[in-house]
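Trainee: I need the structure of the sequence given here:
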Amino acid sequence: MELEKSPERPAGGEGCLVVAIRVPVRIVVLVLVVPVRMLWDALVVAGRFLNDTVLRPVGRALLWMGRAVFVWPFVGLWRYVLVPLGRGAAWLGRVLLVLPAVWCYRYVLTPLGHASAWVYARVLTPVGHALAAAGAGLWAGVVWLGRHLLVVPSVWVYRWVLTPVGHALAWCGRGCVWLVTVIAAGIGTGLYWITRILLVLPALAVWRWVLAPAGRVLGVVAREIGAALGHAWRVAGYISLAVGRALGTLFRWIFVEPARWVYRSVLTPVGHVVRDAVLRPAGHAARAVGRATRQALESARASVRRARADVRRMLLGGPKDPQLTPRREPTGREARTLGSSTTALTKD
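Mentor: Got it, this is the predicted structure:
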């Protein structure tokens, strides 16, 4: 078991603070974790039982119902309605759209395109070349006028007016920038040393001498708590397993085995005795009583029928005697045989 000390790290590399924190933390965490682990295991067992007995059958029933309600109707609709409709719509689209469009392209648009190409090659191209030549000449004139009216004066103004003014402004700007840089550097240096002395150095001292040692201690405590939680969770698992097995064995010996012994040793012999001594004779007697009752009922029905017939005979008279009709064939010893000629056709 993992109750023994696990070889996590050698004890020589740990301080006395770690060793002093580890044992009480593990004891406290084990006491707190054992009930949680036992409750967790109980919930897991209940969840598995509920899943096997309720949720899985209900889920299968709902899945079958969902297929019957949603999937199968849509499959039938797709297979027996939409697919034939789609094929019919495709055939109608081909007949009503594709074939007319192909005919129009082949016999209307293609001749119009050839005619347009001939007009473009024979008429529009010469006209376009003439217009291009006229436009090139006009553009050359516009360019010459723009160069002498705009470009040459603009170059003169840039070279002899704007360039000297720009150099002067640039020199003044560099001087202003240098002055502002010097002033900002002085102010920044002063602010840097003020901030360093008033904020950085105290914060660094607090971090180095207060927060860092406290963080190390808290880190050791957090690491030990985490390790103790893992160790306590595993130990609580073994404890929960042992408690569950003990409760199962106790339930078996208190309820299951006595019930089995009572069923096997008491109820089964008593049931056999009751079956052989009571139920079977009672069954035979019930069947005999039934047979006697059926016979009595049959006798009573026969008596009632005879009495009803006697009453009808006294009131209405008996039935008439049937009149005997002469038979064509002889009876008795003179009956017809295969070798005799007793019929009217073969009689001498």
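Trainee: counting contacts, what elements does the helix or strand harbouring Gly226 pack onto?
Mentor: In the assignment (DSSP states H and E), Gly226 maps to helix 212-251. Contacts defined by 3 or more Cβ pairs under 8 Å, 6 or more residues apart in numbering; DSSP states H and E place helix 212-251 against helix 16-50. Just so you know, the C-beta spots here come from the backbone N, C-alpha and C atoms, and that holds for glycine as well.
Trainee: what angle separates the helix it packs on from helix 212-251?
Mentor: Per axes from the mean of the first three to the mean of the last three Cα atoms, to 10 degrees, the angle that helix 16-50 makes with helix 212-251 is 40 degrees.
Trainee: tell me which helix or strand comes right after helix 16-50.
Mentor: Counting by DSSP H and E, what follows helix 16-50 is helix 56-66.
Trainee: what sits up against that following helix?
Mentor: By Cβ atoms under 8 Å, 6 or more residues apart in numbering, no surrounding residue is in contact with helix 56-66.
Trainee: can I get the CA coordinates of it in CSV?
Mentor: Extracted C-alpha coordinates of helix 56-66, given in CSV (Å, rounded to 0.1, in the frame of the first residue of the first chain):
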residue,chain,number,x,y,z
ARG,A,56,-29.2,3.0,-21.0
PRO,A,57,-32.6,1.4,-21.7
VAL,A,58,-34.3,4.8,-21.7
GLY,A,59,-31.6,6.1,-24.1
ARG,A,60,-32.0,3.1,-26.4
ALA,A,61,-35.8,3.6,-26.4
LEU,A,62,-35.4,7.3,-27.0
LEU,A,63,-32.9,6.6,-29.8
TRP,A,64,-35.3,4.2,-31.4
MET,A,65,-38.2,6.6,-31.0
GLY,A,66,-36.1,9.4,-32.5
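Trainee: would you mark the buried spots in that helix?
Mentor: Buried residues in helix 56-66, counting neighbours by 16 or more other Cβ atoms under 10 Å, are absent.
Trainee: if we can go back for a sec, show me what whatever helix or strand comes next after the helix holding Gly226 is packed against.
Mentor: As assigned by DSSP H and E, the chain's next helix or strand after helix 212-251 is helix 257-262. For helix 257-262, there is no helix or strand it packs on, judged by 3+ Cβ pairs under 8 Å, 6+ apart.
Trainee: give me the distance from helix 257-262 to the chain's centre.
Mentor: Taking Cα atoms, centre = their mean, to the nearest Å, the mean C-alpha location of helix 257-262 is offset from the chain mean by 46 Å.
Trainee: following element in sequence after that helix, please.
Mentor: With secondary structure assigned by DSSP H and E, helix 257-262 is succeeded by helix 268-274.
Trainee: quick one: that following helix to chain centroid distance?
Mentor: 54 Å.
Trainee: picking that back up, list the buried residues for the helix holding Gly226?
Mentor: 220, 224-225, 227-229, 231-237, 239-240.
Trainee: quick one: end-to-end length of stretch 191-210, please.
Mentor: Terminal residues of stretch 191-210 are spaced 27 Å apart (Cα to Cα, to the nearest Å).
Trainee: same deal with stretch 101-115?
Mentor: So stretch 101-115: terminal residues 20 Å apart, Cα to Cα.
Trainee: contact partners of that stretch?
Mentor: Outside stretch 101-115, no residue touches it (Cβ under 8 Å, 6+ apart).
Trainee: now swap in stretch 263-281 and tell me
Mentor: So stretch 263-281 is in contact with no residue, going by Cβ under 8 Å, 6+ apart.
Trainee: cutoff 10 Å now
Mentor: With contact meaning Cβ atoms under 10 Å, 6 or more residues apart in numbering, stretch 263-281 is reached by 259, 261-262, 283.
Trainee: can you tell me which residues contact Tyr158?
Mentor: Gly166.
Trainee: how near is it to Ala246?
Mentor: 104 Å (Cβ to Cβ, to the nearest Å).
Trainee: kindly report the same for Pro35.
Mentor: Taking Cβ to Cβ, one finds Pro35 at 16 Å from Ala246.
Trainee: same question, Ser303
Mentor: 77 Å.
Trainee: likewise for Val75?
Mentor: Distance from Val75 to Ala246, by Cβ to Cβ: 55 Å.
Trainee: same question for Tyr80.
Mentor: Distance from Tyr80 to Ala246, by Cβ to Cβ: 63 Å.
Trainee: could you do Ala130 as well?
Mentor: In terms of Cβ to Cβ, Ala130 sits 112 Å off from Ala246.
Trainee: same question, His272
Mentor: From His272 to Ala246 the distance is 37 Å (Cβ to Cβ).
Trainee: over to Glu298?
Mentor: 70 Å.
Trainee: what sits against the nearest residue to Val34 once chain neighbours are set aside?
Mentor: Distance criterion Cβ to Cβ, 6 or more residues apart in numbering; nearest residue to Val34, sequence neighbours excluded, is Ala236 at 4.5 Å. By Cβ under 10 Å, 6+ apart, the residues touching Ala236 are 29-38, 40-41, 243.
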